[in-house]
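Colleague: Just to be clear, the model below is a prediction. Sequence and coordinates:
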Amino acid sequence: MSKRPLVLLDVDGVLNPARRRGLRSRRHECVLDGRVYQVYLDRRHGRALAALARESGAELAWATTWEEHANLWIGPRVGLPPLPVIKVTDDPGSRAGEHFKTRHVAEYVAGRPFVWFDDSLGVPDWQYLLDHPGVGEFLLVDVDPMTGLTGAHLARAREWLAGRGAGDLDDAGAAAP
Ligand SMILES: [Mg+2]
């Protein structure tokens, strides 16, 4: 089984920030199930993530409710190739306060180290992953949805991938016990 690290990507609040968009962000319209959505995307994100994966030997994957739509509407607009998709919308309930995506991520990673960029994670997710027998080393990078992914988040991921520790939660507001 591959132990190649994964870098998991959310879309809304990470690649598509709610506010404070950079000057190079571009507005795009996406049509999902007949509804039109606006997203603001910055191609520099795609370049930086591709470089992170290349330099660290990691594999990028989508962990977003956009699921396959991310490969159609988001990836090409930030310059990313089609990526593996973690199905996260089945059984969207929470058992112990963890985000509904978290259990799907726990199953998907199957022991591979991973960094997860998301704006909805906290201590319950960290605890769920730590307690899950199929989960190995991981880093949760809590992204502010107002600003989206920043250079500091990417640097933190790069640093962790270069010298991994177990079960880190990179969020000063929700520090690990
Ligand atoms: Mg999000």
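Modeller: Everything's here; your move. Numbers count the residues shown, from 1 in each chain.

Colleague: List the contacts of the helix or strand encompassing R156.
Modeller: Using DSSP states H and E, R156 sits in helix 151-162. Residues outside helix 151-162 that contact it (C-beta atoms under 8 Å, 6 or more residues apart in numbering): 5, 7, 48-49, 52, 55-56, 58, 113, 115, 117, 139, 141, 143, 168, 170. Where C-beta positions appear, they are placed from N, C-alpha and C, glycine not excepted.

Colleague: For it, list the C-alpha coordinates in PDB.
Modeller: The C-alpha coordinates for helix 151-162 follow below in PDB (Å, rounded to 0.1, in the frame of the first residue of the first chain):
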ATOM      1  CA  GLY A 151       1.600  31.500   1.900                       C
ATOM      2  CA  ALA A 152       1.900  30.800   5.700                       C
ATOM      3  CA  HIS A 153      -0.500  27.800   5.400                       C
ATOM      4  CA  LEU A 154       1.600  26.400   2.500                       C
ATOM      5  CA  ALA A 155       4.800  27.000   4.400                       C
ATOM      6  CA  ARG A 156       3.400  25.200   7.400                       C
ATOM      7  CA  ALA A 157       2.500  22.200   5.200                       C
ATOM      8  CA  ARG A 158       5.900  22.200   3.500                       C
ATOM      9  CA  GLU A 159       7.600  22.200   6.800                       C
ATOM     10  CA  TRP A 160       5.500  19.400   8.200                       C
ATOM     11  CA  LEU A 161       5.900  17.200   5.100                       C
ATOM     12  CA  ALA A 162       9.600  17.700   5.300                       C
END
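
Colleague: average pLDDT across that helix?
Modeller: In this model, helix 151-162 has a mean pLDDT of 96.

Colleague: how far does it sit from the chain's center?
Modeller: Offset of helix 151-162 from its chain centre (C-alpha atoms, centre = their mean, to the nearest Å): 13 Å.

Colleague: re the thing from before, can you say which of the contacts of helix 151-162 are buried?
Modeller: For the contacts of helix 151-162, a burial check counting by 16 or more other C-beta atoms under 10 Å picks out 5, 7, 48-49, 52, 56, 58, 113, 115, 117, 139, 141, 143, 168, 170.

Colleague: Could you check the helix or strand that contains L130 and say which residues are buried?
Modeller: According to DSSP H and E, L130 maps onto helix 123-131. By 16+ other C-beta under 10 Å, the buried positions in helix 123-131 come out as V123, P124, D125, W126, Q127, Y128, L129.

Colleague: Next, the contact list for the nearest residue to E137 once chain neighbours are set aside, please.
Modeller: Excluding the flanking residues, the one nearest E137 by C-beta to C-beta, 6 or more residues apart in numbering is P113, at 4.3 Å. By C-beta under 8 Å, 6+ apart, the residues touching P113 are K3, P5, L6, G136, E137, F138, L161, R164.
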